[in-house]
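In: Predicted model, plus sequence, below.
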Amino acid sequence: AQSVTQPDIHITVSEGASLELRCNYSYGATPYLFWYVQSPGQGLQLLLKYFSGDTLVQGIKGFEAEFKRSQSSFNLRKPSVHWSDAAEYFCAVGAGGGATNKLIFGTGTLLAVQP
Amino acid sequence: DAGVIQSPRHEVTEMGQEVTLRCKPISGHNSLFWYRQTMMRGLELLIYFNNNVPIDDSGMPEDRFSAKMPNASFSTLKIQPSEPRDSAVYFCASSSVDSNQPQHFGDGTRLSIL
(Lines give C-alpha, C1' and ligand atoms only; values in the text may rest on other atoms or scores of the structure.)
Protein backbone atom coordinates (compact mmCIF):
# COMPACT_ATOMS: atom_id res chain seq x y z
CA ALA A 1 0.00 0.00 0.00
CA GLN A 2 1.07 3.54 -0.69
CA SER A 3 2.19 5.61 2.27
CA VAL A 4 4.08 8.75 3.14
CA THR A 5 6.18 9.26 6.25
CA GLN A 6 7.24 12.60 7.61
CA PRO A 7 9.39 11.66 10.58
CA ASP A 8 9.62 15.13 12.09
CA ILE A 9 6.41 16.32 13.70
CA HIS A 10 7.80 19.66 14.80
CA ILE A 11 10.95 21.56 13.77
CA THR A 12 12.27 24.89 15.01
CA VAL A 13 14.88 26.84 13.08
CA SER A 14 16.33 30.30 13.40
CA GLU A 15 15.53 32.91 10.80
CA GLY A 16 18.19 32.87 8.12
CA ALA A 17 19.19 29.27 8.81
CA SER A 18 18.84 26.52 6.24
CA LEU A 19 15.96 24.07 6.35
CA GLU A 20 15.42 20.47 5.34
CA LEU A 21 12.12 18.67 5.88
CA ARG A 22 12.17 14.94 5.39
CA CYS A 23 9.71 12.85 3.44
CA ASN A 24 9.81 9.14 2.66
CA TYR A 25 7.27 7.38 0.52
CA SER A 26 6.23 3.85 -0.27
CA TYR A 27 4.93 3.30 -3.78
CA GLY A 28 5.35 0.50 -6.27
CA ALA A 29 5.79 2.54 -9.43
CA THR A 30 7.28 5.90 -10.33
CA PRO A 31 5.59 8.24 -7.92
CA TYR A 32 4.05 11.63 -8.43
CA LEU A 33 5.25 13.65 -5.44
CA PHE A 34 4.12 16.94 -3.97
CA TRP A 35 4.86 19.35 -1.16
CA TYR A 36 2.08 21.56 0.16
CA VAL A 37 2.18 24.27 2.82
CA GLN A 38 -0.66 25.21 5.16
CA SER A 39 -0.76 28.46 7.08
CA PRO A 40 -3.12 28.73 10.08
CA GLY A 41 -6.75 28.96 9.00
CA GLN A 42 -5.88 28.45 5.37
CA GLY A 43 -6.08 25.68 2.83
CA LEU A 44 -3.12 23.83 1.40
CA GLN A 45 -0.97 25.65 -1.14
CA LEU A 46 1.18 23.73 -3.59
CA LEU A 47 4.91 24.46 -3.18
CA LEU A 48 6.28 22.13 -5.83
CA LYS A 49 5.73 18.85 -7.61
CA TYR A 50 7.73 16.04 -9.20
CA PHE A 51 6.33 14.04 -12.08
CA SER A 52 9.41 12.96 -14.02
CA GLY A 53 12.70 14.24 -15.42
CA ASP A 54 15.14 16.34 -13.41
CA THR A 55 15.16 15.01 -9.86
CA LEU A 56 15.79 18.46 -8.36
CA VAL A 57 12.65 20.53 -8.63
CA GLN A 58 12.22 24.18 -7.87
CA GLY A 59 9.10 25.58 -6.30
CA ILE A 60 7.64 28.80 -5.07
CA LYS A 61 8.95 30.89 -2.19
CA GLY A 62 12.52 29.71 -2.73
CA PHE A 63 11.85 26.06 -1.89
CA GLU A 64 13.31 23.08 -3.71
CA ALA A 65 13.06 19.33 -3.32
CA GLU A 66 15.12 16.40 -4.53
CA PHE A 67 13.69 13.06 -5.58
CA LYS A 68 15.96 10.16 -4.63
CA ARG A 69 14.57 6.88 -5.87
CA SER A 70 17.21 4.78 -4.10
CA GLN A 71 16.19 6.26 -0.76
CA SER A 72 12.47 6.61 -1.50
CA SER A 73 12.78 10.19 -0.37
CA PHE A 74 11.60 13.60 -1.48
CA ASN A 75 13.07 16.07 1.02
CA LEU A 76 12.18 19.73 0.96
CA ARG A 77 14.91 22.34 1.35
CA LYS A 78 15.34 26.06 1.63
CA PRO A 79 18.74 27.76 2.03
CA SER A 80 17.56 30.64 4.22
CA VAL A 81 14.32 30.55 6.18
CA HIS A 82 12.14 33.63 6.65
CA TRP A 83 9.77 34.20 9.56
CA SER A 84 6.87 34.00 7.11
CA ASP A 85 7.78 30.37 6.37
CA ALA A 86 6.36 29.30 9.74
CA ALA A 87 3.56 26.92 8.79
CA GLU A 88 2.75 23.24 8.47
CA TYR A 89 4.24 21.34 5.56
CA PHE A 90 2.75 18.24 3.98
CA CYS A 91 4.35 15.77 1.64
CA ALA A 92 2.03 13.73 -0.60
CA VAL A 93 2.22 10.96 -3.17
CA GLY A 94 -0.20 10.47 -6.04
CA ALA A 95 -1.63 7.06 -5.29
CA GLY A 96 -3.18 6.44 -8.66
CA GLY A 97 -0.10 7.11 -10.68
CA GLY A 98 -1.49 10.39 -11.99
CA ALA A 99 -1.44 13.86 -10.59
CA THR A 100 -5.17 14.11 -10.31
CA ASN A 101 -5.92 10.80 -8.69
CA LYS A 102 -6.18 10.66 -4.97
CA LEU A 103 -3.25 11.84 -2.90
CA ILE A 104 -1.86 10.14 0.16
CA PHE A 105 -0.62 12.75 2.61
CA GLY A 106 1.97 12.53 5.33
CA THR A 107 1.10 13.63 8.82
CA GLY A 108 2.80 16.99 8.35
CA THR A 109 5.74 18.85 9.86
CA LEU A 110 5.06 21.98 11.83
CA LEU A 111 7.79 24.56 11.29
CA ALA A 112 8.48 27.27 13.84
CA VAL A 113 10.92 30.07 13.04
CA GLN A 114 12.81 31.81 15.81
CA PRO A 115 13.87 35.45 15.36
CA ASP B 1 -8.65 33.63 -11.38
CA ALA B 2 -10.93 32.54 -8.58
CA GLY B 3 -9.71 29.55 -6.65
CA VAL B 4 -11.76 26.80 -5.06
CA ILE B 5 -14.57 28.42 -3.09
CA GLN B 6 -16.03 26.78 -0.02
CA SER B 7 -18.94 27.84 2.10
CA PRO B 8 -19.58 28.40 4.87
CA ARG B 9 -16.13 29.12 6.34
CA HIS B 10 -17.35 28.28 9.82
CA GLU B 11 -20.32 26.25 10.99
CA VAL B 12 -21.41 25.62 14.55
CA THR B 13 -24.44 23.46 15.14
CA GLU B 14 -25.91 21.05 17.63
CA MET B 15 -25.61 17.32 17.32
CA GLY B 16 -28.38 15.69 15.39
CA GLN B 17 -28.73 18.57 12.97
CA GLU B 18 -28.13 18.25 9.25
CA VAL B 19 -24.99 19.98 7.96
CA THR B 20 -24.35 20.86 4.32
CA LEU B 21 -20.97 22.00 3.11
CA ARG B 22 -20.59 23.53 -0.34
CA CYS B 23 -17.79 23.72 -2.86
CA LYS B 24 -17.31 25.49 -6.16
CA PRO B 25 -14.29 24.11 -8.02
CA ILE B 26 -12.01 26.10 -10.29
CA SER B 27 -13.66 26.66 -13.65
CA GLY B 28 -12.46 24.07 -16.15
CA HIS B 29 -11.41 21.54 -13.54
CA ASN B 30 -13.13 18.18 -13.82
CA SER B 31 -11.90 16.40 -10.71
CA LEU B 32 -13.15 17.29 -7.25
CA PHE B 33 -11.99 15.99 -3.87
CA TRP B 34 -13.39 16.24 -0.35
CA TYR B 35 -10.95 15.94 2.59
CA ARG B 36 -11.32 16.04 6.34
CA GLN B 37 -8.56 17.28 8.63
CA THR B 38 -8.35 16.54 12.36
CA MET B 39 -5.56 16.57 14.89
CA MET B 40 -5.94 12.86 15.53
CA ARG B 41 -6.21 11.55 11.97
CA GLY B 42 -4.55 14.26 9.89
CA LEU B 43 -5.75 14.85 6.35
CA GLU B 44 -8.07 12.15 5.02
CA LEU B 45 -9.62 11.84 1.59
CA LEU B 46 -13.35 11.25 1.93
CA ILE B 47 -14.48 11.03 -1.69
CA TYR B 48 -13.53 12.20 -5.14
CA PHE B 49 -15.33 12.79 -8.42
CA ASN B 50 -14.16 12.77 -12.04
CA ASN B 51 -16.49 14.49 -14.50
CA ASN B 52 -19.19 14.69 -11.80
CA VAL B 53 -19.11 10.92 -11.19
CA PRO B 54 -18.02 9.56 -7.80
CA ILE B 55 -14.90 7.44 -8.33
CA ASP B 56 -13.83 6.48 -4.84
CA ASP B 57 -15.91 6.97 -1.71
CA SER B 58 -14.02 4.49 0.45
CA GLY B 59 -13.00 7.26 2.81
CA MET B 60 -16.53 8.28 3.70
CA PRO B 61 -16.74 7.36 7.37
CA GLU B 62 -20.31 6.08 7.50
CA ASP B 63 -23.76 6.35 6.02
CA ARG B 64 -24.38 9.64 7.76
CA PHE B 65 -22.05 11.21 5.18
CA SER B 66 -23.08 11.77 1.58
CA ALA B 67 -21.66 13.81 -1.28
CA LYS B 68 -23.11 14.95 -4.57
CA MET B 69 -21.87 16.75 -7.62
CA PRO B 70 -24.92 17.71 -9.70
CA ASN B 71 -22.86 19.70 -12.20
CA ALA B 72 -19.29 20.66 -12.98
CA SER B 73 -19.37 23.81 -10.89
CA PHE B 74 -20.89 22.65 -7.62
CA SER B 75 -20.58 19.93 -5.01
CA THR B 76 -22.02 19.33 -1.57
CA LEU B 77 -20.98 17.23 1.39
CA LYS B 78 -23.83 16.46 3.75
CA ILE B 79 -23.79 15.02 7.26
CA GLN B 80 -27.10 13.82 8.65
CA PRO B 81 -27.40 13.46 11.59
CA SER B 82 -24.26 15.21 12.77
CA GLU B 83 -22.28 14.07 15.81
CA PRO B 84 -19.59 15.81 17.91
CA ARG B 85 -16.91 13.53 16.47
CA ASP B 86 -17.59 15.02 13.05
CA SER B 87 -16.02 18.27 14.21
CA ALA B 88 -13.11 18.97 11.87
CA VAL B 89 -11.97 21.17 9.03
CA TYR B 90 -13.35 19.99 5.70
CA PHE B 91 -11.47 20.87 2.55
CA CYS B 92 -12.50 20.73 -1.05
CA ALA B 93 -9.89 20.51 -3.82
CA SER B 94 -10.13 20.45 -7.59
CA SER B 95 -7.88 19.61 -10.50
CA SER B 96 -7.95 18.86 -14.19
CA VAL B 97 -7.50 15.22 -15.05
CA ASP B 98 -7.04 16.07 -18.71
CA SER B 99 -4.04 18.35 -18.23
CA ASN B 100 -2.58 16.38 -15.33
CA GLN B 101 -2.64 19.31 -12.98
CA PRO B 102 -2.11 19.04 -9.21
CA GLN B 103 -4.92 19.63 -6.78
CA HIS B 104 -5.84 23.14 -5.71
CA PHE B 105 -7.42 23.50 -2.27
CA GLY B 106 -10.10 25.76 -0.90
CA ASP B 107 -9.73 27.50 2.47
CA GLY B 108 -11.88 24.92 4.19
CA THR B 109 -14.97 24.84 6.38
CA ARG B 110 -14.35 24.63 10.11
CA LEU B 111 -17.20 22.55 11.52
CA SER B 112 -18.02 22.34 15.21
CA ILE B 113 -20.76 20.01 16.41
CA LEU B 114 -21.84 20.72 19.97
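Out: Thanks, I have the structure now.

In: For chain B, what lies in contact range of chain A?
Out: B:4, B:31, B:33, B:42-43, B:45, B:48, B:50, B:56, B:91, B:93, B:95-97, B:100-108 (Cβ under 8 Å from any Cβ of the partner chain). Using the backbone N, CA and C atoms, a C-beta is placed for each residue, glycine as well.

In: can you rerun that using 7 Å?
Out: Counting by Cβ under 7 Å from any Cβ of the partner chain, the residues of chain B close to chain A are B:31, B:42-43, B:45, B:48, B:56, B:91, B:95-97, B:100-103, B:105-108.

In: Kindly tell me how buried A:L21 is, as a neighbour count.
Out: Counted with other Cβ atoms under 10 Å in any protein chain shown, residues neighbouring A:L21 total 23.

In: follow-up on the earlier one: buried among the residues of chain B next to chain A? Need that as a selection in PyMOL.
Out: Selection of buried members from these for PyMOL, criterion 16 or more other Cβ atoms under 10 Å in any protein chain shown:
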select buried, chain B and resi 31+43+45+48+56+91+95+96+97+101+102+103+105+106+107+108
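
In: Indicate the residue of chain B located nearest to chain A.
Out: Residue nearest to chain A within chain B: B:F105 (3.7 Å; Cβ to the nearest Cβ).

In: Any regions of chain B where pLDDT drops low?
Out: Along chain B, the parts satisfying pLDDT under 70 run over B:1, B:98-100.

In: Grab the most central residue of it for me.
Out: In chain B, the centroid-proximal residue (Cα atoms, centre = their mean) is B:W34; its distance is 3.2 Å.

In: What of chain A?
Out: Centroid-nearest residue in chain A: A:W35, 3.4 Å away (criterion: Cα atoms, centre = their mean).

In: Can you tell me the closest non-neighbouring residue to that residue?
Out: The shortest distance from A:W35 to any non-neighbouring residue, by Cβ to Cβ, 6 or more residues apart in numbering or on different chains, is to A:L47 (4.4 Å).

In: rewinding a little: beta partners of the residue nearest to the centre of chain A?
Out: A:L48, A:C91 (DSSP bridges).

In: I figured it hits A:L44, correct?
Out: No - A:W35 lies out of contact with A:L44 (Cβ atoms under 7 Å); the separation is 9.9 Å.

In: hang on, the earlier thing: what's the local residue count around the residue nearest to A:W35?
Out: Residues lying near A:L47 (other Cβ under 10 Å) number 23.

In: That one and A:L21, how far apart?
Out: Distance of A:L47 to A:L21, given as Cβ to Cβ, to the nearest Å: 10 Å.

In: Spell out which parts of chain A neighbour chain B.
Out: Counting by Cβ under 7 Å from any Cβ, the positions of chain A adjacent to chain B are A:34, A:42-44, A:46, A:49, A:90, A:98-100, A:102-103, A:105, A:107-108.
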